[in-house]
Structures are given as C-alpha cells and as structure tokens.
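> sequence unavailable; structure follows:
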C-alpha cells in the first residue's frame with residue numbers, strides 16, 4: 001500500500017512538473033515574440049530616418065545642380081564678353097560644386113543599396129515574426145486540447161465544456177490567421193520601390209534617359225560655345 005501511495009505521489013509530481021514546464025515554455029515564447037516585435041519596430045523607425053536623410057541629400061543635390069547650371073551660363077556669357085578673369089573664378093566655383101555633386105551622388109548610391117538591404121531584412125523579419133505568432137497560437141490550441149484529454153476526458157460534462165472551448169479557440173485562431181495573411185500581403189507592398197525599378201529599366205535602355213551622360217554634356221558645352229561665338 002505504501003509503495004502504491006509513493007508511486008502515486010511521484011506520478012502526480014511528474015505531471016505537475018511537466019505542466020509547469022509547458023506553461024513556462026509558452027510564457028517564454030510570448031516574451032521572445034514581444035522582444036522580437038519591439039526590435040522590428042525599432043528597425044522600421046531607423047529605416048524611416050535613413051530614408052528621410054537620403055531624401056534630404058537628394059534635395060541638396062538638386063540645389064547643387066541648379067547652381068552649377070546657373071554659373072555655367074554666366075561663365076559662358078563672361079567669356080563671350082571678354083571677362084576671362086570672372087569666367088575663371090566661375091570655373092573654379094563650378095569645379096568645387098561638381099566635386100560636391102559627385103560626392104553626393106556616390107554617397108546616395110551607397111545609401112540606396114544599404115536602404116534596400118535594410119528593407120529586405122525588415123520585411124523578412126516581419127514575415128518570420130508573423131509565422132512565430134501563428135505557431136504560438138497553434139501551440140496554445142494544442143495545449144488546450146492536451147489538457148482536455150489528460151484532465152477530464154471527453155465523456156464527462158466538464159470535458160465536453162472544455163472541448164467546446166477548444167473549438168471556439170480554434171475558430172478564433174483561424175480567423176486571426178486569415179487576418180495575419182491579409183496583413184502580410186499589405187506589409188509586402190510597403191517594400192515596393194517603383195523608383196528603383198524605373199532606374200533599372202533606364203539603365204537597360206528602355207524609356208527616356210533621365211541622367212546625363214558624357215556625350216550629352218559634351219554636346220551641351222559645344223552648343224554653348226557655338227552660341228557664344230555666334
């Protein structure tokens with residue numbers, strides 16, 4: 001009899017330990033998911049700041065290009081009027097601004113590649129987080145069913161109630177999965193980069209060219225020189 005009682009207590013202790021470990025695993029998973037979600041949110045904010053800074057550099061580039069064009073026009077006029085000294089000063093200023101222009105373009109090209117990589121990382125992390133959340137809900141539903149089987153049995157009234165609760169949980173799970181699938185689709189559209197696609201098409205020779213080439217710049221300078229000579 002004593003042996004039976006000891007065995008019974010050992011079995012009860014083992015079951016309690018197993019249930020505690022399972023409950024702890026779900027709690028740990030919940031916290032890990034929250035930590036991951038917070039990290040992704042911080043990455044999104046940092047990415048937004050980086051994009052804003054890149055746009056500011058783009059505006060600075062536009063201003064520099066406008067100043068270069070204005071000085072070139074004035075320098076050509078000075079050459080035509082015989083003011084070589086003023087034209088030389090303008091040429092020196094243009095050289096400085098063109099160096100700044102080239103530096104901005106190079107920095108923006110590097111920045112664009114980094115931003116594209118960050119977008120991909122954030123998008124994939126979001127997808128992994130959504131998968132974790134779905135898996136967590138499935139694990140929770142499975143745990144509810146396991147407790148139903150081991151705790152009351154399907155035949156008892158309490159077991160029937162627990163079964164109904166598990167079915168309701170599963171329905172909520174499926175509804176939330178449908179919502180998550182829709183959210184995933186909407187999230188992926190945030191990473192679309194129409195400007196990047198347009199640049200790829202332009203580089204391949206499709207559509208009107210928006211960036212100057214060496215040939216176009218040379219032709220422009222020849223036209224200015226011819227106009228000044230005329």
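Yep, that arrived. Please read these numbers as outputs of a predicted model, since none were measured by experiment. Numbers count the residues shown, from 1 in each chain.

> got the phi and psi for residue 82?
Note on residue 82: its backbone torsions stand at phi 80, psi 10 [degrees, to the nearest 10].

> report all helices and strands that the lengthiest helix in the chain contacts.
Counting residues, the longest helix found in the chain (DSSP state H) is helix 2-80. Secondary-structure packing of helix 2-80 (3 or more CB pairs under 8 Å, 6 or more residues apart in numbering; DSSP states H and E): helix 84-151, helix 214-229. For the C-beta atoms, the positions are set from N, CA and C on the backbone; glycine is no exception.

> contact partners for the closest residue to residue 58 other than its chain neighbours?
In this structure, residue 58 finds its nearest non-sequential neighbour in residue 108, 6.8 Å apart by CB to CB, 6 or more residues apart in numbering. Residue 108 is in contact with 54, 57-58, 61, counting by CB atoms under 8 Å, 6 or more residues apart in numbering.

> go again with 10 Å.
By CB atoms under 10 Å, 6 or more residues apart in numbering, residue 108 lies in contact with 54-55, 57-58, 60-61, 115.

> give me the mean pLDDT for the longest helix of the chain.
Averaging pLDDT along helix 2-80 yields 81.

> over to stretch 136-152?
73.

> still on that earlier bit, give me the angle between the longest helix of the chain and helix 84-151.
Put simply, helix 2-80 runs at 170 degrees to helix 84-151, going by axes from the mean of the first three to the mean of the last three CA atoms, to 10 degrees.

> and for residue 75, the neighbour number?
If you count neighbours by other CB atoms under 10 Å, residue 75 ends up with 21.

> could you measure from it over to residue 85?
Distance, residue 75 to residue 85, by CB to CB, to the nearest Å: 11 Å.

> nearest to residue 180, out of the helices and strands packed on helix 2-80?
Taking CB to CB, helix 84-151 is the member of the helices and strands packed on helix 2-80 nearest to residue 180, at 5.4 Å.

> pull the number of nearby residues for residue 130.
Around residue 130 sit 16 other residues, with neighbours defined as other CB under 10 Å.

> my guess is it contacts residue 181. True?
Yes. Contact criterion CB atoms under 10 Å: residue 130 and residue 181 qualify, at 8.6 Å.

> quickly find the element holding residue 168.
Element membership for residue 168 (DSSP states H and E) is helix 157-189.

> let me see the mean pLDDT of stretch 175-184.
Rounded mean pLDDT across stretch 175-184 is 73.

> contact partners of it?
By CB under 10 Å, 6+ apart, stretch 175-184 touches 123, 126-127, 130-131, 133-134, 137-138, 187.

> go with 8 Å
126-127, 130, 133-134, 137.

> please apply the same query to stretch 60-76.
For stretch 60-76, the surrounding residues in contact (CB under 8 Å, 6+ apart) are 86-87, 90-91, 93-94, 97-98, 100-101, 104-105, 108, 224-225, 227-228.

> try it again at 6 Å.
The contact list for stretch 60-76 (CB atoms under 6 Å, 6 or more residues apart in numbering) reads 87, 90-91, 93-94, 97, 100-101, 104, 224, 228.

> what residues of that stretch count as buried?
61, 64, 68, 71-72, 74-76 (16 or more other CB atoms under 10 Å).

> could you do stretch 167-186 as well?
Going by neighbour count (16+ other CB under 10 Å), the buried part of stretch 167-186 is 170, 180.

> hang on, the earlier thing: neighbour-wise, which one of the contacts of stretch 175-184 leads?
Most neighbours among these, by other CB under 10 Å: residue 126, with 22 neighbours.

> which pLDDT value belongs to that residue?
Listed pLDDT for residue 126 reads 88.

> okay, it and residue 46: tell me how far apart.
Residue 126 is 14 Å from residue 46, where distance means CB to CB.
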